[in-house]
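Visitor: 3D model of this:
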Amino acid sequence: MSLTTEEVNKIAWLGRIAIDADKTEAYARDLSGILDFVEQMSAVDTRAVAPMAHPLDQVQRLRPDAVTESDQRERFQAHAPLVEAGLYLVPKVIE
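Guide: Alright, predicted model coming up:
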């Protein structure tokens, strides 16, 4: 897949990323190479490959799932400006 400089500029605008105009061609070439590589990887048949979470056969050390702190909700909410039914009330920020 080959990206044009216009597509790179659109992607940068969507991602709110500022890029120099003189580097747009290089970004287009590099991103096109990455997308070509992903396309090659997508073409590989992996149905017989077992999924793995880690390349080494190791087990994640987990801590016991136990409560380690007491419930202090009322103490914390005592300092809040507005609370209702155990919930913090905040101003609406989305129209």
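Visitor: only C-alpha atoms from now on, for both contacts and neighbour counts.
Guide: Fine.
Visitor: how many residues are close by L3?
Guide: Summarising burial for L3: neighbours were counted as other CA atoms under 10 Å, giving 16.
Visitor: isn't it up against A26?
Guide: No: look at L3 against A26 with CA atoms under 8 Å: they stay out of range, at 10.7 Å.
Visitor: E6 looks like it's in a helix, true?
Guide: Yes: E6 forms part of a helix when assessed by DSSP: H, G, I helix; E, B strand; the rest coil.
Visitor: what comes up buried for stretch 2-9?
Guide: Burial within stretch 2-9, assessed by neighbour count using 16 or more other CA atoms under 10 Å, is assigned to L3, T4, T5, V8, N9.
Visitor: dump the residue contacts of the closest residue to the second one other than its chain neighbours.
Guide: In space, not counting the residues next to it along the chain, T4 is nearest to A28; the distance is 6.1 Å by CA to CA, 6 or more residues apart in numbering. With CA atoms under 8 Å, 6 or more residues apart in numbering as the criterion, the residues that contact A28 are S2, L3, T4, T5, V8.
Visitor: distance check, the last one against G33.
Guide: Applying CA to CA, to the nearest Å, the value for V8 to G33 is 13 Å.
Visitor: ok, now the first one?
Guide: The span separating S2 from G33 equals 8 Å under the rule CA to CA.
Visitor: before we move on, back to that, mind saving the C-alpha coords of the strand or helix carrying the residue nearest to T4 as CSV?
Guide: Under DSSP states H and E, the secondary-structure element containing A28 is helix 24-42. The C-alpha atoms that make up helix 24-42 are tabulated as CSV, following Å, rounded to 0.1, in the frame of the first residue of the first chain:
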residue,chain,number,x,y,z
THR,A,24,6.3,14.5,4.5
GLU,A,25,7.7,12.5,1.6
ALA,A,26,9.9,10.5,4.0
TYR,A,27,7.0,9.8,6.3
ALA,A,28,4.9,8.6,3.3
ARG,A,29,7.7,6.3,2.2
ASP,A,30,8.3,4.9,5.7
LEU,A,31,4.6,4.4,6.5
SER,A,32,4.0,2.8,3.2
GLY,A,33,6.8,0.3,4.0
ILE,A,34,5.3,-0.5,7.4
LEU,A,35,1.9,-1.0,5.8
ASP,A,36,3.4,-3.3,3.1
PHE,A,37,5.1,-5.3,5.9
VAL,A,38,1.8,-5.7,7.8
GLU,A,39,0.1,-6.8,4.5
GLN,A,40,2.8,-9.5,4.1
MET,A,41,2.3,-10.7,7.6
SER,A,42,-1.5,-10.8,7.1
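Visitor: please consider this matter closed, and thank you.
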